[in-house]
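Enquirer: Sequence first, predicted coordinates after that:
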Amino acid sequence: MKNQTMTKMTAAQAIVECIKREAITKVFCVPGESYLPLLDAFYDEATIDVIATRHEGGAAFIAEGYAKASFRPGVVLATRGVGAANLSIGVHTAYQDSTPMVIFLGQVHSKFRGREGFQEVDLDQFFKPITKWAVEVNDPERIPEIVQRAFRIAQSGRPGPVVVSLPENVLPAEAQMQFGPAITIPRPAPSTGEVRVMEKLLQAARNPLIIAGGGVKLSQAEDELLTFAEAFQIPVMTAFRRHDIFPNHHKLYAGHLGLGTSRQILASVREADVILAFGTRLSEVTTQDYTLLSAEQMLIHVDIEPEILGKVYPPELGIVADIRESLMAFAGLQVTPSWQEWANDCNHRYREVSSLTVTDEDVLNKHIIKVLADTLPTNSVITNDAGNFAGWLHAYYPFTEKHTYVGPTSGAMGYGLPAAIGAKLATPEKTVVSLSGDGGFMMTCQELETAVREKVPIIALVFNNNMYGTIRMHQEIHYPRRVIGTDLGEVSFATLASVVGARGHTVQSVTEFQNVLNQALNSKLPTVIEIITDKEQISVSTTLTKLRNKSG
């Protein structure tokens, strides 16, 4: 308590001071009348860069991608009901992806609340289901308390978004502000008894398998996971869109659990007798609609969030702890591995279905992934939008280094481009490439102008087949030949890019793509590469014709 300080300032200035104390250097916004005092307070703070975007949804996605890549909370500013509603997609993404974010929303004057004031929405109630905490501040002097608490909640336990609603009359009000000490994040470790039980269960295993999730990324425990897996020769699978937490070229890598995962990789999970779930909520996609694990398998589940344990699958041993602390505690287990052949089999199955060898018979999408794998620096960051095009990335791109993938487990369309901008702002020394379909790209393509204005040289790939491909696939499965609402018109994404000051290219062959990619890697401008793809090749494993024939 002795580190607390008292200073007279406005509520808006106190918010800026809290953000500065968190060592946050970038915030993202669409400016709004309801929080002008806060914008003005940023004017006097040289250490924080306020980046205006073209849409609140884009701002939220940029902040979310920035948070994932920087390991710092993303900060977003927007105006009352309309701006808040626009950015809610990014808040939901942060919630499902366990990404720390703090969102400051202007609100109508306190005297107008409950009168259906201009753009009034009960913001704390609106966001309550998709945040860790949503609060409205009505007392200026409580700003430091509540904002520092917001940052603590956003980063502690299972991280996530926090929304702070700010009535416009509160922001310019002055008060004596009392700031607490810098925030420290609790990192609990397993108990001695839990480690002993873990040792006993693992020693009795025949075919153990690790399923590692986002908790590994958030704890920055990739090295500890690798050390643990090697020490006990346990094969590792990664949860949905968490590819980069374990080197994909390692002999213990067993594959990625996501959309369209091959039967061979799923067979490895079903044949495991002990599942070690590290930092994963065993989501719907990871567990293939909650069908992948069985009651016959023994589950050891380690997660920092108590509510995760037993939420779907009851564990034999559930440990509430930080993953990095847990893996360090497990390093001393007295266990003699007896499953080398099992580990080899799991890796062989993965390599069998994930080979990046290409032939003339392979579709353009696979050739594109091959070029990316051969050309990009190994520490490049990949982001992706939602859509079937991502199937080729998930199946074939080898993530060999940590902190190289930023993807939405929420499956939000429009994510790829803005997330790439956020990731590049967080790691300017890295090459950052986004993958999008034409449908998702158009949802946030306006943020290209943000990238140009802020001099953020990302590379955006757009796989263009003039349709909402994923929905078209499901349409053909359930209602074959009854196509409605999924066809899209012609858009020249290369021209669109050039209009806002970026570079734009259209390619139809792997040779063209290779040449353009080389140019983009040396460009100081954002680059859009539009890849014309065939509607017929609807996914990695099937075509429209096959789907229709199968449906009769």
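Expert: Happy to help now that I have it.
Enquirer: so Glu490 sits right up against Asn465, yeah?
Expert: No - taking contacts as Cβ atoms under 8 Å, Glu490 lies outside contact range of Asn465: 11.4 Å. From N, CA and C alone the C-beta is placed, and that goes for glycine too.
Enquirer: More neighbours: which of the two?
Expert: Asn465 (23 against 7; other Cβ atoms under 10 Å).
Enquirer: Which strands and helices lie in contact with the helix or strand where Val147 lies?
Expert: Assigned by DSSP states H and E, Val147 belongs to helix 143-155. If contacts are counted by 3 or more Cβ pairs under 8 Å, 6 or more residues apart in numbering; DSSP states H and E, helix 143-155 sits against helix 11-21, strand 101-107, strand 133-136, strand 161-167, strand 174-179.
Enquirer: angle of the last one against helix 143-155?
Expert: Angle, strand 174-179 to helix 143-155, by axes from the mean of the first three to the mean of the last three Cα atoms, to 10 degrees: 40 degrees.
Enquirer: Next, the residues that contact the helix or strand following strand 174-179 from outside, please.
Expert: Toward the C-terminus, strand 174-179 is succeeded by helix 192-203 as the next helix or strand (DSSP H and E). Defining contact as Cβ atoms under 8 Å, 6 or more residues apart in numbering, one finds that helix 192-203 is touched by 190, 208, 232, 274, 276, 298, 300, 316-317, 319, 321, 329-330, 332-336.
Enquirer: Would you mind listing which of these are buried?
Expert: With neighbours counted using 16 or more other Cβ atoms under 10 Å, the contacts of helix 192-203 contain these buried positions: 190, 208, 232, 274, 276, 298, 300, 317, 319, 321, 329-330, 333, 335.
Enquirer: of all those residues, which comes closest to Ala23?
Expert: Ala321 (25.9 Å; Cβ to Cβ).
Enquirer: who are the neighbours in contact with the closest one?
Expert: 188-190, 194, 302-304, 329.
Enquirer: Determine which two of the residues you listed are furthest apart.
Expert: Asp303 and Ala329 (14.6 Å).
Enquirer: Which of the contacts of helix 192-203 fall in helices?
Expert: Of the contacts of helix 192-203, the ones assigned to helices by DSSP state H are 232, 329-330.
Enquirer: how about a markdown table for the residues you listed, with distance to Ala204 and pLDDT added?
Expert: Converted to a markdown table, the ones in helices among the contacts of helix 192-203 look like this (distance: Cβ to Cβ, whole Å; pLDDT from 0 to 100):
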| residue | distance to Ala204 | pLDDT |
| --- | --- | --- |
| Phe232 | 13 | 97 |
| Ala329 | 19 | 97 |
| Phe330 | 16 | 97 |
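Enquirer: Do you know the pLDDT at Ile130?
Expert: Predicted confidence (pLDDT) at Ile130: the value is 95.
Enquirer: Please report phi then psi for it.
Expert: phi -120, psi 20 (degrees, to the nearest 10).
Enquirer: beta partners for the closest residue to Phe513 other than its chain neighbours?
Expert: Take Phe513 and drop its neighbours on the chain: the residue closest to it by Cβ to Cβ, 6 or more residues apart in numbering is Val507, 4.6 Å away. Counting by DSSP bridges, Val507 is bridged to Ile531.
Enquirer: got it, and Val406?
Expert: In beta-bridge terms (that is, DSSP bridges), Val406 pairs with Thr383.
Enquirer: so what's it up against?
Expert: So Val406 contacts 65, 68-69, 381-383, 419-420, 422-423 (Cβ under 8 Å, 6+ apart).
Enquirer: mind listing what Ile275 touches?
Expert: Counting by Cβ under 8 Å, 6+ apart, Ile275 has contacts 208-209, 211, 269, 293, 297-300.
Enquirer: Kindly recompute the last result at 7 Å.
Expert: 209, 211, 293, 297, 299-300 (Cβ atoms under 7 Å, 6 or more residues apart in numbering).
Enquirer: distance of Val452 from Met443?
Expert: Going from Val452 to Met443 by Cβ to Cβ, to the nearest Å gives 18 Å.
Enquirer: Tell me where the model's unsure across this protein.
Expert: Low-confidence segments of the chain (pLDDT under 70): 1-5, 118, 551-552.
Enquirer: From the domain annotation, what segments belong to each domain of it?
Expert: Per automatic domain parsing, the structural domains of the chain span 5-179, 192-353, 355-551.
Enquirer: buried sites along the longest helix seen in the chain?
Expert: If you go by DSSP H, the chain has its longest helix at helix 81-97. If you call a residue buried by 16+ other Cβ under 10 Å, then helix 81-97 has these buried ones: 81, 83-97.
Enquirer: wait, isn't Thr527 in contact with Ala502?
Expert: Yes - Thr527 lies in contact with Ala502 (Cβ atoms under 7 Å); the separation is 6.5 Å.
Enquirer: Those two: which is more packed in?
Expert: Under the criterion of other Cβ under 10 Å, the comparison of Thr527 against Ala502 puts Thr527 first, with 25 against 21.
Enquirer: and the gap between the more buried one and Glu449?
Expert: Counting by Cβ to Cβ, the gap from Thr527 to Glu449 is 14 Å.
Enquirer: One more: Leu225?
Expert: 40 Å.
Enquirer: if you count what's nearby, which of those two comes out ahead?
Expert: Leu225 (23 against 17).
Enquirer: what sits up against the host helix or strand of that one?
Expert: Per DSSP H and E: Leu225 is located in helix 222-232. If you take Cβ under 7 Å, 6+ apart as the criterion, helix 222-232 is touched by 210, 212, 216, 236, 245-246, 252, 278, 324, 327-328, 330-331, 335, 337, 402.
Enquirer: let's go with 6 Å and repeat that
Expert: With Cβ atoms under 6 Å, 6 or more residues apart in numbering as the test, helix 222-232 has contacts from 212, 216, 236, 245, 252, 324, 327-328, 330, 335, 337, 402.
Enquirer: Got a ChimeraX select line for the buried ones in those residues?
Expert: ChimeraX command restricting the contacts of helix 222-232 to the buried ones, with burial defined by 16+ other Cβ under 10 Å:
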select :212,216,236,245,252,324,327,328,330,335,402
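Enquirer: Distance to Pro161 for the contacts of helix 222-232 - can I get that in a markdown table?
Expert: Output for the contacts of helix 222-232, formatted as a markdown table (distance: Cβ to Cβ, whole Å):
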| residue | distance to Pro161 |
| --- | --- |
| Ala212 | 23 |
| Val216 | 21 |
| Val236 | 29 |
| Ile245 | 22 |
| Leu252 | 34 |
| Arg324 | 23 |
| Leu327 | 27 |
| Met328 | 29 |
| Phe330 | 31 |
| Val335 | 39 |
| Pro337 | 41 |
| Lys402 | 24 |
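Enquirer: Show me which pair in the contacts of helix 222-232 is furthest apart.
Expert: Pairwise distances across the contacts of helix 222-232 peak at 25.3 Å for Val335 and Lys402 (criterion: Cβ to Cβ).
Enquirer: I'd assumed Asn207 was in contact with Asp273.
Expert: Yes - using Cβ atoms under 6 Å, Asp273 makes contact with Asn207 at a distance of 4.9 Å.
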